[in-house]
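Trainee: Next one to model:
(one chain, ligands or ions: 1)
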Amino acid sequence: MVKPAVLVVNSSSSSSRMLIMSRASRKLIISSCISAFSLTHFHYRPLTYYASSSSSHSHSHSTNPPDLIRWVKKEGGFVHPDIKINSNNYNYYGLGLIASQDIPKGSHLIALPNHIPLRFPNLNLNLNDAAGAGATEDSVFNQLAQRVPEELWAMRLGLKLLKEKATVHSFWWPYICNLPETYDVPIFFPADDIKNLQYAPLLHQVNKRCRFLLEFEKEVSRILENVKPDDHPFGCQSIEASSLGWAMSAVSSRAFRLHGERLPDGTHVSVPMMLPLIDMCNHSFDSNAQIVQEQDINNPNMLVKVVAETRIRQDDPIVLNYGCLSNDFFLLDYGFVIPSNPYDCIELKYDGALLDAASMTAGITSPNFSSPLPWQQQILSQLSLHGEAASLKVTLGGPELVDGRLLAALRVLLASNMETVKKHDLSSLRSFSTQAPAPLGLSNEIAVLRTIIALCVIALGHFPTKLMEDEAVLKGGASGPTRLAAQYRIEKKSVIIGVMQNLSRKVKILMSKESESV
Ligand SMILES: C[S@@+](CC[C@H](N)C(=O)[O-])C[C@H]1O[C@@H](n2cnc3c(N)ncnc32)[C@H](O)[C@@H]1O
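Mentor: The predicted structure is shown next:
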């Protein structure tokens, strides 16, 4: 079973695409629709790409692409006779796969042989040869790929996609023609809409990607400057940040991670790949199909297939679960937001002064989060919330509701005596179970939950707009990135409100238990 590792978005057609660095409030028009590259080499196609537009939210595929199902079958793949590509919900999810008849559970829907997926080539080159006289097309390509940090692996596979897009007789041309021409991911949002995401961890990621693309554009141009036409991986076309962004978004929104070669410890490396036709399936947490990889990656037979997990009724879309991801990942990589996403959460920095403020707001006198006692510091260190190796990122929301480390820290710091705390191990202090609803006593637990509720109030106050204002943006008919940004922040605020409501209910129950016990 594999999951998509990256994602897509698209929006309306537009004649310009922009990459924005919101932190510096700079709006950089990276290129006009089709840049003035020169087609100096016969075997290459122009690397056209289009920007996401701020005016509407619609996927943009080319108008008359080759028949993808026919191509997959011609290449030895299997496609169930009762599935077809559907464009009826085009404006919302883009294209998708749909059942034209009832399909029984367990049916094989699609199978792809080894040569159809698009993956990063295993070049195994000596990097010292990659520049200068000994450079070949592969070595130049490899040198570019080596410049991409591991965490931006989508860009690495994106380079391969751009290379194939530039090649006239590319084997993958029928697939590439079917890819959306635009993506609604935040790197293509106008500066104001990036700013309107209003949530620092996501803004940080968006800025990081934009900065990387702008820097990488320069590096690519430097590396390709003196490369001979025959060795140029992109047919002598200039590669701009916007085409790099297109490729990275195409991969991040459609790639799946499959098992690669087996390592000595028995595990497998995971290899991101683009899976033609399979990547036409849209996402649902309530999926009706799943990807199954049965063969070794080097097996020439069927590499990967999609199997019906449930009975699929006529006209139902065929949907995969892209993964239990937060809306940050869905938006950043795929360009959409899931309403009431059970995996969405907010990140906070564990900060003594902030917790003191929250605790005092909750009516707790003299909290000592900023100055924990030595025995409390010791436990905080065990929780990695104190000391040099501390990792201060904690979360609220999602399946855990309250980060176990945060919960344990609050319980310990609001505890009046060390002996009671020492009777408990860390795992019970971290746990939010109904069996042990208050490991350090009712009043300690009530103070802990009230502090978290106050923390939520502070977090909500950090958003520049109110929920009602965001909802008015949607009601006002905003579209494209403005709508997505509003949806995103509505969901983030809803996560916080959900945590507050849940904890308030728990406080009520604990208070009634407390009054019963008096
Ligand atoms: C793997 S592709 C699926 C095929 C795609 N719809 C197309 O037109 O080519 C993933 C993209 O489909 C769209 N998508 C998939 N599932 C979605 C969902 N549940 N809600 C909104 N958009 C979705 C997003 O644009 C996402 O980036």
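
Trainee: Test my guess that Pro174 contacts Pro66.
Mentor: Yes. If you go by CB atoms under 8 Å, Pro174 and Pro66 touch, sitting 4.0 Å apart. From N, CA and C alone the C-beta is placed, and that goes for glycine too.

Trainee: Now do the shared contacts for the two.
Mentor: The overlap between the contact sets of Pro174 and Pro66 (CB atoms under 8 Å, 6 or more residues apart in numbering) is empty.

Trainee: of the two, who's got more company?
Mentor: Neighbour comparison, Pro174 and Pro66: the larger count goes to Pro174, with 18 against 13 (by other CB atoms under 10 Å).

Trainee: if I look at that one, how far off is the ligand?
Mentor: 14 Å (CB to the nearest ligand atom, to the nearest Å).

Trainee: Are we agreed that that residue is in a helix?
Mentor: Yes. Assignment of Pro174 by DSSP: H, G, I helix; E, B strand; the rest coil places it within a helix.

Trainee: Renumber starting at 34 from here on
Mentor: Got it, first residue is 34 now, which makes that one Pro207.

Trainee: beta partners for Leu130?
Mentor: Ile118 (DSSP bridges).

Trainee: what about it, how many residues close to it?
Mentor: Neighbours of Leu130 (other CB under 10 Å): 27.

Trainee: list the contacts for it?
Mentor: So Leu130 contacts Ile116, Lys117, Ile118, Asn119, Leu142, Leu310, Met313, Cys314, Pro350, Ile351 (CB under 8 Å, 6+ apart).

Trainee: Tell me the most packed of the residues you listed, by neighbour count.
Mentor: Cys314 leads these on contacts (other CB under 10 Å) with 28 neighbours.

Trainee: For Ile131, see how far away that residue is.
Mentor: Taking CB to CB, to the nearest Å as the measure, Cys314 falls 10 Å from Ile131.

Trainee: Now do the phi/psi pair for the closest residue to Ser254 other than its chain neighbours.
Mentor: Closest residue to Ser254 apart from its sequence neighbours, by CB to CB, 6 or more residues apart in numbering: Ser271 at 6.7 Å. The phi/psi pair for Ser271 (degrees, to the nearest 10) reads phi -80, psi 150.

Trainee: what number of residues lie near the one residue in the chain that gets nearest to the ligand?
Mentor: The ligand sits closest to Gly127 of the chain, with a gap of 2.5 Å, by CB to the nearest ligand atom. Neighbourhood size, Gly127 [other CB under 10 Å]: 22.

Trainee: Next one: it from Arg290, what distance?
Mentor: In terms of CB to CB, Gly127 sits 22 Å off from Arg290.

Trainee: Over to Trp186?
Mentor: Taking CB to CB, one finds Trp186 at 10 Å from Arg290.

Trainee: what secondary structure does Gln411 sit in?
Mentor: Applying three-state DSSP: Gln411 is helix.

Trainee: picking up where we left off before, between Cys314 and Ile131, what contacts are shared?
Mentor: Pro350, Ile351.

Trainee: any idea which element the spatially most central residue of the chain lies in?
Mentor: With the centre of the chain defined as its mean C-alpha position, the nearest residue by CA atoms, centre = their mean is Phe362, 2.4 Å away. Assigned by DSSP states H and E, Phe362 belongs to helix 360-362.

Trainee: In its sheet, which strands sit next to the very next helix or strand once past that helix, and in what direction?
Mentor: For helix 360-362, the succeeding helix or strand toward the C-terminus, using DSSP H and E, is strand 378-382. As defined by DSSP bridges, the strand partners of strand 378-382 come to strand 426-430 (antiparallel).

Trainee: So which bits of the partner strand are buried?
Mentor: Val427, Thr428, Leu429, Gly430 (16 or more other CB atoms under 10 Å).

Trainee: likewise stretch 302-320?
Mentor: Applying 16+ other CB under 10 Å to stretch 302-320 flags 304-316, 320 as buried.

Trainee: and the ligand, which of these contact it?
Mentor: Contacts with the ligand within these, as defined by CB under 6 Å from any ligand atom: Asp312, Met313, Asn315, His316.

Trainee: So which of those residues belong to strands?
Mentor: Asn315, His316 (DSSP state E).

Trainee: Next up, the contacts around the closest residue to Ser203 other than its chain neighbours.
Mentor: Nearest non-adjacent residue to Ser203, counting by CB to CB, 6+ apart: Glu197, 4.3 Å away. Residues in contact with Glu197 (CB under 8 Å, 6+ apart) are Leu151, Ser203, Phe204, Trp205, Trp206, Ile209.

Trainee: give me phi/psi at the second one?
Mentor: The main-chain torsion angles of Ser203 are listed as degrees, to the nearest 10 and equal phi -60, psi 140.

Trainee: so it makes contact with Cys210?
Mentor: No. Assessed by CB under 8 Å, Ser203 is found out of contact with Cys210, at 10.2 Å.

Trainee: picking that back up, can I get the buried residues of stretch 302-320 in CSV including pLDDT and distance to Ser275?
Mentor: Shown next, in CSV, are the buried residues of stretch 302-320 (pLDDT from 0 to 100; distance: CB to CB, whole Å):
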residue, pLDDT, distance to Ser275
Val304, 91, 27
Pro305, 93, 22
Met306, 95, 24
Met307, 97, 20
Leu308, 97, 25
Pro309, 98, 24
Leu310, 98, 27
Ile311, 98, 27
Asp312, 98, 22
Met313, 97, 25
Cys314, 97, 27
Asn315, 96, 25
His316, 97, 26
Ser320, 98, 33
